[in-house]
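Student: next input, structure requested:
(one chain, ligands or ions: 1)
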Amino acid sequence: MKKIGVFTSGGDSPGMNACIRAVVRACIYHGLEVYGIKYGYDGMIKGEIIKMQSHSVSNIVQRGGTILKSARSTEFRTKEGRQKAYDQLKKHGIEGLVAIGGDGTFTGAKIFSEEFDIPVIGCPGTIDNDIYGTDFTIGFDTAVNTALESIDKIRDTAASHDRIFFVEVMGRDSGYIAIQCGIGGGAEIVMVPETETTIADVIKKLDTGLRKTKTSSIVVVAEGDEEGNAAEVMAKVKAENPKNEYKVTTLGHIQRGGNPTATDRILGSRCGIAAVEGLMAGQRNCMAGVMNDQIVYTPFDDCISKSKPINQDYLKMMNILSI
Ligand code: F6P
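Tutor: Purely as a prediction, here's the structure:
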């Protein structure tokens, strides 16, 4: 293998740039040519492919977002789209790919590599931390810390006004960000898609807290909770128990930006190097992740189909800490 392409796809996450940098530098270190593909699969289809040098990735290790840009491509979902993408890779002589993204990115990579026999290795870039095969995803740690900073501020005003705040954090199908923010931010309740928390549970918990020593509360709601988003949960609670004063804050895309933490820079760098060295060693159609501080290559099939359950100890901790 002489030429490798690298791209970012799906929702951006802090640490993606550190990962791109590691891929580029590892390729050059090992004597390979490396190409950056802009706008993920969309850019691959359109041939937005640029040769990268060591200096192309100077001064980006500390920056959030992705210098290669990102997109969610509908055209790549079609056979014709994937054929166009393959033709572009052929034109540039690219023989292997590093795909930085989440499960949608890996699903596309798996189909593509099976259809066209091109080796792909993924790096887990998503704030959601919902990828099987790695203890943490690149961007998760930063997103949690960003959300926590906001929750600390909300707590100040909640306490001053004796209010109950419903704070919505990201995580489409996953409560990882919510649970860590709940514990780290001292919330009373965390609502995540992985476990059922009913409106009656919320009301009971808020009520007992307020009857004792609490005058304000924080409820962290993962956007994908089965009871709805934070605004919907608040409306349901208010309908049942209108006597308290409720507010909603949706943290939204703030969680996706910002300078990556040291943890995310290092994780991105490790996975990027491992992806390049994996391709060189003949690995394909798998993700380079880190489990128990060791690089692990997990087949895309498992990354996509297996779920990574929330640690039940965390939920138990919430119950203890929020009395
Ligand atoms: O997958 C990462 C993520 O940030 C999710 O947490 C969120 O649901 C989604 O992306 C938002 O996507 P978009 O930026 O396309 O609105």
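
Student: write out the residues of this structure neighbouring the ligand.
Tutor: The interface of the chain toward the ligand, taken as C-beta under 6 Å from any ligand atom, is made up of 11, 102, 126-128, 170-172, 223, 256. To be clear about C-beta, it is placed using only N, CA and C from the backbone, and glycine gets the same treatment.

Student: ChimeraX command for the buried members of these?
Tutor: The ChimeraX command for the buried members of those (criterion: 16 or more other C-beta atoms under 10 Å) is given here:
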select :11,102,126,127,128,170,171,223,256
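
Student: and which of the residues of the chain next to the ligand is nearest G278?
Tutor: G102 (18.6 Å; C-beta to C-beta).

Student: related to what we said a few turns ago, quick one: which two of the residues of the chain next to the ligand are the most distant?
Tutor: Across those, the longest distance by C-beta to C-beta is 15.0 Å; it joins G102 and E223.

Student: and the residue of the stretch 1-150 of the chain that's closest to the ligand?
Tutor: Proximity to the ligand, evaluated over the stretch 1-150 of the chain using C-beta to the nearest ligand atom, is greatest for G11 at 3.4 Å.

Student: longest single helix anywhere in this protein?
Tutor: Ordering each helix of the chain by length in residues (DSSP state H) puts helix 140-161 first.

Student: can you tell me the SS state at the residue of the stretch 1-150 of the chain closest to the ligand?
Tutor: Three-state assignment for G11 (DSSP: H, G, I helix; E, B strand; the rest coil): coil.

Student: hang on, isn't it packed against G102?
Tutor: Yes. Under the criterion of C-beta atoms under 8 Å, G11 makes contact with G102 at 6.9 Å.

Student: give me the common contacts of the two.
Tutor: Both G11 and G102 are in contact with T126, where contact means C-beta atoms under 8 Å, 6 or more residues apart in numbering.

Student: if we can go back for a sec, distance of the residue of the stretch 1-150 of the chain closest to the ligand relative to I320?
Tutor: To I320, G11 is 33 Å away according to C-beta to C-beta, to the nearest Å.

Student: what kind of secondary structure is the closest residue to D103 other than its chain neighbours in?
Tutor: Excluding its sequence neighbours, the residue lying closest to D103 (C-beta to C-beta, 6 or more residues apart in numbering) is I304, at 5.5 Å. Per three-state DSSP, the secondary structure class of I304 is helix.

Student: distance-wise, check I304 relative to N229.
Tutor: Relative to N229, I304 is positioned 26 Å away (C-beta to C-beta).

Student: next one: E223
Tutor: For E223 relative to N229 (C-beta to C-beta), the value is 5 Å.

Student: give me the common contacts of those two.
Tutor: Listed as contacting both E223 and N229 by C-beta under 8 Å, 6+ apart are E168.

Student: which parts of the chain are strands?
Tutor: Taking DSSP state E as the test, the strands found in the chain are 3-8, 33-37, 49-52, 96-101, 120-124, 164-169, 189-191, 217-222, 246-250, 286-291, 294-299.

Student: this completes my enquiry, with thanks.
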